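Attaching a predicted model along with its sequence, questions to come.
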Amino acid sequence: MPAAVVDSPGRLADVPAVREVDGPEPPGAGEVVVRMPASTVHLSDEVAVSGAYGTRASFPPVPGFAGVGVIEAAGRACPP
């Protein structure tokens, strides 16, 4: 699947590269796989991509975690 991937810290306008990445693993218990046909890139993405979070962010992140999604697959329900 195509994704905007950031390999190293830098300015958000300079560092993302669109490339094919592996698809998600099948969902486990209580998990879902969400296809995101539209997403935003905003300040929190810019801060993460800049490297400002240091060891709290690992590369390569995929910016754009907020958006519109469609559940593609669901794992089994978690026990109550």
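Done, it's in. These numbers were taken from a predicted model, which means no experiment stands behind them.

and the residue most central in space within the chain, what does it touch?
Note on the chain: the residue nearest the mean C-alpha position is Val62, at 4.1 Å, using C-alpha atoms, centre = their mean. Val62 makes contacts with 3-6, 21, as judged by C-beta atoms under 8 Å, 6 or more residues apart in numbering. Using the backbone N, CA and C atoms, a C-beta is placed for each residue, glycine as well.

Please repeat the previous calculation with a cut-off of 7 Å.
Val62 makes contact with 3-5, according to C-beta atoms under 7 Å, 6 or more residues apart in numbering.

Can you check my assumption that Asp45 lies in a strand?
No: residue state for Asp45 (DSSP: H, G, I helix; E, B strand; the rest coil) corresponds to helix; a strand is not indicated.

Show me where this protein has its helices.
Taking DSSP state H as the criterion, the chain contains helices spanning 43-50.

what stretches of this structure score poorly on pLDDT?
54-57, 79-80 (pLDDT under 70).

And the residue nearest to the centre of the chain, its phi and psi?
Taking degrees, to the nearest 10, you get phi -110, psi 100 for the backbone angles of Val62.

End to end on stretch 58-67, go ahead and measure it.
End-to-end distance of stretch 58-67 (C-alpha to C-alpha, to the nearest Å): 21 Å.
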